[in-house]
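Asks: Quick check, what structure comes out for this input:
(one chain, ligands or ions: 1)
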Amino acid sequence: MSELAMTELPILVVGGGPAGVAAAVTLAEAGLRVLLIEQRDRLGGAIHRQPAPGAPQVWRGPARHRRNWTELTSRLERAAARIELRTSSVFLGIDGAGRFLFEDRRAGRVFARRVRAAIVAVGAVERIRPFEGWELPGVTSAGGAQVLLKETGRPPEGPIVVAGTGPLLLAVAAQLARAGNPPLAVLERGNPWRRPKTLAGLATAGPQLTEAAAYATTLAWKRVPYRTASEVLGVSEVGQGLAIRVRLGKIERLLQARHLLVHDGLEPNRAGIPLPAPGAEIPVLLAGDGREILGADAAILDGRRAAAAVLASLGQAAPVAPLEAALGKARAFQRDLAEALRSPSTLPTPETMICRCEGRRYADFTALPADASAREIRLMGRFGLGACQGRFCGPMLAELRGEALPSASPPRWPLRPVSLAALANFSMDQTET
Ligand SMILES: Cc1cc2nc3c(=O)[nH]c(=O)nc-3n(C[C@H](O)[C@H](O)[C@H](O)COP(=O)(O)OP(=O)(O)OC[C@H]3O[C@@H](n4cnc5c(N)ncnc54)[C@H](O)[C@@H]3O)c2cc1C
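Replies: Numbering: from 1, shown residues only. Here you go, the predicted structure:
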């Protein structure tokens with residue numbers, strides 16, 4: 001690498017999933033220095049999460065995803081001289097002086113870097129529609145259970161029900177079945193059979209359809225019922241397990257299980273966004289699921305699109321038209337999928353927990369004035385003040401109000417909880433120029 005390249009400020013890429021890695025290699029291959037930050041100890045993101053050392057790999061994923069990842073990681077190896085990879089490092093935000101802050105969890109210290117531009121590719125978060133009992137032990141998000149399964153190779157023990165809406169229900173249920181614990185049932189709230197035209201449109205999506213068919217085949221082979229127009233109405237604890245009141249079509253039933261895995265779709269992980277903070281007068285772009293939920297294939301294209309935009313801002317031409325066209329197709333697919341699974345919205349009961357950190361229920365929310373501002377909801381209602389910093393109740397309330405809740409205050413670092421010891425060990429990174 002030339003001396004200039006060694007001393008120039010890097011382009012920051014936050015997130016080591018398909019979008020972040022695609023962005024990092026595209027920039028490095030164009031001759032730029034890249035700082036790639038990933039909070040986990042290995043790259044992979046939500047889809048290519050690797051087993052913990054010594055744990056078995058129970059599910060390897062569809063061949064096309066594996067091929068895509070192998071290609072990205074070999075390009076990463078080839079471009080390694082230009083990419084400074086920092087794993088176990090969490091992006092915390094931007095300080096008032098425009099420095100990007102990170103927590104190095106291995107070293108237990110916060111460090112700061114200046115960068116020329118940033119691409120934030122921090123993936124998606126799961127949506128959970130609240131119902132009575134969702135906060136009880138034994139109720140987990142389906143994505144959270146999938147993370148455990150991929151990392152430990154062990155499915156949760158005992159009977160499992162998977163419920164909510166979206167393609168992840170199928171994927172998680174099939175992966176549990178393959179790992180040796182097929183769920184009792186998968187309950188999909190939507191009723192796609194009611195929308196045959198939309199379904200017919202989806203049937204032309206090649207790879208996604210093949211993937212869904214493989215999951216459906218596994219469920220059929222393991223005799224796991226997949227019920228549409230079905231949902232969880234409420235949950236209570238019984239003995240060591242859960243009594244789950246469900247609606248199956250028009251019939252109400254009680255199911256007994258040890259675990260209930262819930263999931264109501266994905267949304268961009270926007271913790272701390274909008275960026276940049278005052279003082280960081282540089283291009284900051286979002287990429288992948290963190291910008292728009294378009295799926296794993298599109299995340300790679302979107303990482304390349306963001307990298308091309310950074311290159312263009314630095315005066316290096318990079319064509320984006322073919323990428324935009326492919327992203328448009330992915331967008332149309334996601335729109336059709338959402339339409340096929342659309343279901344009527346139901347309000348929670350007054351007793352339904354909304355903020356589990358502070359024990360605030362739906363009745364506490366409806367007691368607030370209908371036009372309460374975000375600040376009033378926080379201060380008078382005590383929503384969003386707990387340890388999770390509103391990560392769960394914020395999106396729930398936004399959905400119940402039918403609008404995004406404006407943030408009560410502009411995003412400030414740290415975007416994630418950080419220990420005082422790590423802060424006390426603050427350092428301006430030695431590679432700072
Ligand atoms: C829980 C879950 C399960 C999914 N399961 C499937 C599936 O089975 N099949 C399928 O086709 N698609 C699945 N998807 C969708 C698919 O994973 C995504 O479309 C794809 O991974 C998006 O890639 P990405 O790079 O945008 O985000 P991700 O792959 O999510 O990568 C984002 C990365 O950013 C890192 N990160 C986040 N915040 C910070 C921070 N503050 N500092 C540093 N690093 C940070 C994360 O650790 C992660 O590695 C799933 C998504 C989720 C959220």
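Asks: Show the pLDDT at residue 95.
Replies: You'll see residue 95 listed with a pLDDT of 83.
Asks: Just to check, it is in contact with residue 413?
Replies: Yes: taking C-beta atoms under 8 Å as the definition, residue 95 is a contact partner of residue 413 at 6.2 Å. All C-beta atoms are positioned from the backbone trio N, CA, C, and that covers glycine.
Asks: The stretch 251-400 of the chain: helices as residue ranges?
Replies: 296-313, 321-340, 362-366, 374-379, 393-401 (DSSP state H, counting those that start in this stretch).
Asks: and what of the stretch 101-250 of the chain?
Replies: For the stretch 101-250 of the chain, applying DSSP H, counting those that start in this stretch gives helices covering 142-152, 167-178, 196-202, 206-221.
Asks: and stretch 71-79, C-alpha only, in PDB?
Replies: The C-alpha trace of stretch 71-79 is given here as PDB (Å, rounded to 0.1, in the frame of the first residue of the first chain):
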ATOM      1  CA  GLU A  71     -17.500 -15.200  -2.500                       C
ATOM      2  CA  LEU A  72     -17.700 -12.200  -0.200                       C
ATOM      3  CA  THR A  73     -15.300 -13.700   2.400                       C
ATOM      4  CA  SER A  74     -12.700 -14.700  -0.300                       C
ATOM      5  CA  ARG A  75     -12.800 -11.100  -1.600                       C
ATOM      6  CA  LEU A  76     -12.400  -9.900   1.900                       C
ATOM      7  CA  GLU A  77      -9.300 -12.100   2.300                       C
ATOM      8  CA  ARG A  78      -7.900 -10.800  -1.000                       C
ATOM      9  CA  ALA A  79      -8.500  -7.200   0.000                       C
END
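Asks: what about it, distance to the chain center?
Replies: With C-alpha atoms, centre = their mean, to the nearest Å as the basis, stretch 71-79 stands 24 Å off its chain's centre.
Asks: what does stretch 115-134 give?
Replies: The chain centroid and the centroid of stretch 115-134 are separated by 5 Å, computed with C-alpha atoms, centre = their mean.
Asks: what's the span of that stretch from first residue to last?
Replies: Terminal residues of stretch 115-134 are spaced 42 Å apart (C-alpha to C-alpha, to the nearest Å).
Asks: what's the average pLDDT for that stretch?
Replies: Rounded mean pLDDT across stretch 115-134 is 94.
Asks: Kindly compare burial across the helices of the stretch 251-400 of the chain and name the winner.
Replies: helix 296-313 (a mean of 24; mean count of other C-beta atoms under 10 Å).
Asks: Just give me the residue right at the centre of the chain.
Replies: The residue lying closest to the centre of the chain (C-alpha atoms, centre = their mean) is residue 124, at 2.2 Å.
Asks: quick one, strands of the stretch 151-300 of the chain?
Replies: Counting by DSSP state E, counting those that start in this stretch, the stretch 151-300 of the chain has strands at residues 160-164, 185-188, 226-227, 230-238, 241-248, 251-257, 259-263, 266-268, 284-286.
Asks: what's the second one in contact with?
Replies: Going back to what we said before, that points to strand 185-188. 161-165, 169-170, 173, 219, 224-232, 246, 248, 255, 341 (C-beta atoms under 8 Å, 6 or more residues apart in numbering).
Asks: residues from the stretch 201-350 of the chain in reach of the ligand?
Replies: Counting by C-beta under 6 Å from any ligand atom, the residues of the stretch 201-350 of the chain lying close to the ligand are 266, 288-290, 295-296, 299.
Asks: picking that back up, the residue nearest to the centre of the chain: what's it in contact with?
Replies: Going by C-beta under 8 Å, 6+ apart, residue 124 touches 46, 266-269, 289-290, 293.
Asks: repeat that for 6 Å
Replies: Counting by C-beta atoms under 6 Å, 6 or more residues apart in numbering, residue 124 makes contact with 266, 269, 289, 293.
Asks: cool, residue 169 as well?
Replies: Here residue 169 is in contact with 162, 186 (criterion: C-beta under 6 Å, 6+ apart).
Asks: How much space separates it from residue 303?
Replies: Using C-beta to C-beta, to the nearest Å, we find residue 169 at a distance of 27 Å from residue 303.
Asks: hmm, back to that, turn the strands of the stretch 151-300 of the chain into a markdown table, columns for mean pLDDT.
Replies: Formatted as a markdown table, these follow (pLDDT from 0 to 100):
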| stretch | mean pLDDT |
| --- | --- |
| strand 160-164 | 98 |
| strand 185-188 | 98 |
| strand 226-227 | 96 |
| strand 230-238 | 96 |
| strand 241-248 | 96 |
| strand 251-257 | 97 |
| strand 259-263 | 98 |
| strand 266-268 | 92 |
| strand 284-286 | 92 |
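Asks: out of those strands, which comes closest to residue 372?
Replies: strand 266-268 (22.6 Å; C-beta to C-beta).
Asks: who does the closest one pair up with?
Replies: Paired strands of strand 266-268, with direction, are strand 124-126 (antiparallel) (DSSP bridges).
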